[in-house]
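A.B. asks: based on what follows, work out the 3D shape:
(chains A, B, C and D)
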2 protein chains.
Amino acid sequence: MYERKLPIQEECGLDLIREVVFGKWKIHLLYYISQGISRPGQLQKNIPEASRRVLNIQLNQLEDDELVAKTVYNQQPPKVEYYLTDLGKSIMPIINELGQWGDTHSEHLRRVIKKRLILPEA
Amino acid sequence: MYERKLPIQEECGLDLIREVVFGKWKIHLLYYISQGISRPGQLQKNIPEASRRVLNIQLNQLEDDELVAKTVYNQQPPKVEYYLTDLGKSIMPIINELGQWGDTHSEHLRRVIKKRLILPEA
DNA sequence: CGGTATCCCTCGGGATACTG
DNA sequence: CAGTATCCCGAGGGATACCG
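C.D. replies: Numbers count the residues shown, from 1 in each chain, chains lettered A, B, ... in the order given. Have a look, this model is predicted:
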């Protein structure tokens, strides 16, 4: 009965997840795209705290990771529509659960997070 | 029929989640603690890629956010045991799902992630 | 409207060494 | 064994301006 040195199976799943969805705005982007908000301008409006540049970077990464894809319409003015791939769709249930969890405990979470922002000046 | 400017409910859940679980090792820590690996030294062994310092920082944040708590035994040598709070327990199902999703798609994910690391030298 | 380039700066996180 | 202090670095991300 050897102990496993590295519980590869479980551990790596979490590592991979982190690589793919731990950008500051990635879960938001996935969420909004899943809601049919497909155009970059719309996404930007829904996440005003993020700059256009960062949003594009993270969209590109999501594209590289094949969680989203886009349709480019060759016209003036340009028009682009993002959509979830099958892989992207497969992760949405979990992201929705995360969002719900955050909502459910929002009061508590807001409290502890604020503490983090204020205490430092002690 | 007004459009909602800010879909506060859903959006904020995701923001809060990010604040609480998006440290580099937080989901790993939660996972291992949930598996009964409660002592700092053991956690360290299971996450050798992380330094002791960072692990402690993230454990402290998880503590601040009240996802985990610890028991300190006043003895020599010292002994500390972390455990999940009710709030922490409540998020484990989702984290497990994340891990499973990562495992399920590990082949695909490893492929696209590697691409990210190699292409840049073009 | 969509995308990228440049610049800059914060801060998360790694290494090491020290205290209880 | 557990925790913290110091030092340092790179990446991630914000602002702005410019091409298609």
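A.B. asks: contacts, neighbours, all on C-alpha from now
C.D. replies: Noted.
A.B. asks: ok, and does stretch A:75-93 reach over to chain B?
C.D. replies: Yes. With CA under 8 Å from any CA of the partner chain as the criterion, chain B is reached by stretch A:75-93 at residue A:91.
A.B. asks: looks to me like residue A:76 is in a helix.
C.D. replies: No. Counting by DSSP: H, G, I helix; E, B strand; the rest coil, residue A:76 falls outside a helix, being coil.
A.B. asks: what pLDDT does it get?
C.D. replies: The model reports residue A:76 with a pLDDT of 88.
A.B. asks: ok, it - contacts?
C.D. replies: Counting by CA atoms under 8 Å, 6 or more residues apart in numbering or on different chains, residue A:76 touches no other residue.
A.B. asks: may I have the phi/psi pair for it?
C.D. replies: When read as degrees, to the nearest 10, the backbone of residue A:76 gives phi -120, psi 130.
A.B. asks: for DNA strand C, see how far away it is.
C.D. replies: Distance, residue A:76 to DNA strand C, using CA to the nearest atom of the strand, to the nearest Å: 8 Å.
A.B. asks: ok, residue A:115 next?
C.D. replies: Noted for residue A:115: a distance of 14 Å to DNA strand C, by CA to the nearest atom of the strand.
A.B. asks: any idea how far that residue is from residue B:64?
C.D. replies: 8 Å (CA to CA, to the nearest Å).
A.B. asks: neighbour count: the two, which is higher?
C.D. replies: Taking other CA atoms under 10 Å in any protein chain shown, residue A:115 and residue B:64 do not tie; residue B:64 has more neighbours (16 against 13).
A.B. asks: not counting residues beside it along the chain, what's closest to that one?
C.D. replies: Excluding the flanking residues, the one nearest residue B:64 by CA to CA, 6 or more residues apart in numbering or on different chains is residue A:112, at 6.7 Å.
A.B. asks: which SS class is the one you found?
C.D. replies: Applying three-state DSSP: residue A:112 is helix.
A.B. asks: pLDDT below threshold where in chain A?
C.D. replies: A:1-11, A:117-122 (pLDDT under 70).
A.B. asks: get me the contact residues on it for DNA strand D.
C.D. replies: Within chain A, the positions near DNA strand D by CA under 7 Å from any atom of the strand are A:22-25, A:49-54, A:58, A:77-78.
A.B. asks: could those residues go into CSV alongside neighbour count?
C.D. replies: Shown next, in CSV, are the residues of chain A next to DNA strand D (neighbours: other CA atoms under 10 Å in any protein chain shown):
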residue, neighbour count
A:22, 17
A:23, 19
A:24, 16
A:25, 20
A:49, 9
A:50, 14
A:51, 10
A:52, 15
A:53, 9
A:54, 13
A:58, 19
A:77, 6
A:78, 8
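A.B. asks: in helices, which of those residues fall?
C.D. replies: Cross-referencing those against helices under DSSP state H gives A:52-54, A:58.
A.B. asks: which residues in chain A form strands?
C.D. replies: Ranges of strands within chain A are A:68-73, A:79-84, based on DSSP state E.
A.B. asks: could you find the closest non-adjacent residue to the residue in chain A that DNA strand D sits nearest to?
C.D. replies: Nearest to DNA strand D, among the residues of chain A, is residue A:24, at 3.5 Å (CA to the nearest atom of the strand). Nearest residue to residue A:24, sequence neighbours excluded (CA to CA, 6+ apart): residue B:18, at 7.6 Å.
A.B. asks: so the one you found versus residue A:93, what's the distance?
C.D. replies: Separation of residue B:18 from residue A:93 (CA to CA) stands at 17 Å.
A.B. asks: which residues touch the most centrally placed residue in chain A?
C.D. replies: Nearest to the mean C-alpha position of chain A, by CA atoms, centre = their mean, lies residue A:27 at 1.7 Å. Going by CA under 8 Å, 6+ apart, residue A:27 touches A:21, A:95, B:14.
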